[in-house]
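Peer 1: Show me how the following folds:
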Amino acid sequence: MTRSFRRVVTGHDAQGRAVVISDGPATQILQSPRRPGVTLTNNWISDGTPAEYDGPTETCTGPFVLHPPRNGAVFRCAEFLPEDPEVLARLDGRAAFAEMGAAENIVENARHPFMHRTDSVDFAIVLSGEIMMLMDDGKDDVHLKAGDVVIQRGTNHAWPNRFSEPCVIAFVLIDGVTRRDAPPEARRGIPRRRAGGPRRGRGQPCAPVASPSPISAAALSWQTRRRSSPSSGAASIHAPASSGRSKG
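Peer 2: The predicted structure follows:
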């Protein structure tokens, strides 16, 4: 049975006192036969920064979109039921993500049909169950359990539940760029690397990454300067859903 999430939204009354504006189940839910066993529930969407705390009292309206709004954020929960490998082998990840305006976010010819990435920084906490977080290379895969947290920084990933119980994860997706001082053509997409560049947290050197789109000489020059600088560091929608643009 799909998990329901109680959502409590606070605000201020006419005298400026703290009050509860709404208290009930979150109703912006996406389920799809193209991605069986996964239920997404949006709790709140901010369409800009700074976020408004005296704006609309309901922000989950419009189409259900994977990526947060430009300069905004989305708070959602995802429930992943145990995967069936036979069913998984027949699924089309691009078609499933197209229902969230995110067909182009799917990684083609990847290790999992729902491998994807978004131009965002995602904060995740596993609320219950267990799940695998798949990276590009199997040696970087991580087994996550209840209470574990992840900071997903614009990387390719997938969430296969290879265990016996459902897994629930709470996510906050924040619209992001590679670096704020990057030239426009280098602000989105996978950061370009050269051999011998920054090293990953597990001590493995970053391999060169094939660019999904051409990179200008100016962008490449900028990233080279950053590395050499002494200061640089290493479709069933149950209710109207969020506005945004097309990961996850």
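
Peer 1: Contacts only, for the nearest residue to Ala158 once chain neighbours are set aside.
Peer 2: Once flanking residues are discounted, Ala158 sits nearest to His112: 3.8 Å by CB to CB, 6 or more residues apart in numbering. (Glycine included, C-beta is placed from N, CA and C.) The contact partners of His112, taken as CB atoms under 8 Å, 6 or more residues apart in numbering, are Leu88, Gly93, Leu134, Ala158, Pro160.

Peer 1: Those residues in helices, which ones?
Peer 2: Among those, the members found in helices (DSSP state H) are Leu88, Gly93.

Peer 1: Out of the contacts of His112, the closest to Arg76 would be?
Peer 2: Ala158 (16.9 Å; CB to CB).

Peer 1: Show me the beta-bridge partners of that closest one.
Peer 2: Leu134 (DSSP bridges).

Peer 1: wait, it sits on Arg111?
Peer 2: Yes. Ala158 is within contact range of Arg111, at 7.3 Å (criterion: CB atoms under 8 Å).

Peer 1: buried set for stretch 150-170?
Peer 2: Buried residues in stretch 150-170, defined by neighbour count with 16 or more other CB atoms under 10 Å: 150, 152, 154, 156-161, 163, 166-170.

Peer 1: So for that stretch, mean pLDDT?
Peer 2: Averaged across stretch 150-170, pLDDT comes to 98.

Peer 1: and what of stretch 101-110?
Peer 2: In this model, stretch 101-110 has a mean pLDDT of 95.

Peer 1: tell me how far the ends of it are from each other?
Peer 2: Terminal residues of stretch 101-110 are spaced 20 Å apart (CA to CA, to the nearest Å).

Peer 1: Please apply the same query to stretch 135-145.
Peer 2: Start-to-end span of stretch 135-145 (CA to CA) is 17 Å.

Peer 1: let's have the chain start at 40 instead
Peer 2: OK, 40 is where the count begins now, so the last one is stretch 174-184.

Peer 1: Buried by neighbour count: which residues of it qualify?
Peer 2: Within stretch 174-184, the residues that count as buried by 16+ other CB under 10 Å are Met174, Asp175, Leu183.

Peer 1: Roughly how far does the closest residue to the second one other than its chain neighbours sit from Pro222?
Peer 2: The shortest distance from Asp175 to any residue other than its chain neighbours is 5.4 Å, reached at Asn195 (CB to CB, 6+ apart). Distance of Asn195 to Pro222, given as CB to CB, to the nearest Å: 23 Å.

Peer 1: Closest to Pro108 out of the buried residues of stretch 189-209?
Peer 2: Of the buried residues of stretch 189-209, the one sitting nearest to Pro108 (CB to CB) turns out to be Gly193, at 16.6 Å.

Peer 1: which stretches of the protein have low pLDDT?
Peer 2: 40, 233-287 (pLDDT under 70).

Peer 1: what about the strands in it?
Peer 2: For the chain, applying DSSP state E gives strands covering 45-51, 57-64, 67-70, 77-85, 112-119, 159-167, 169-172, 181-184, 188-192, 206-214, 275-276.
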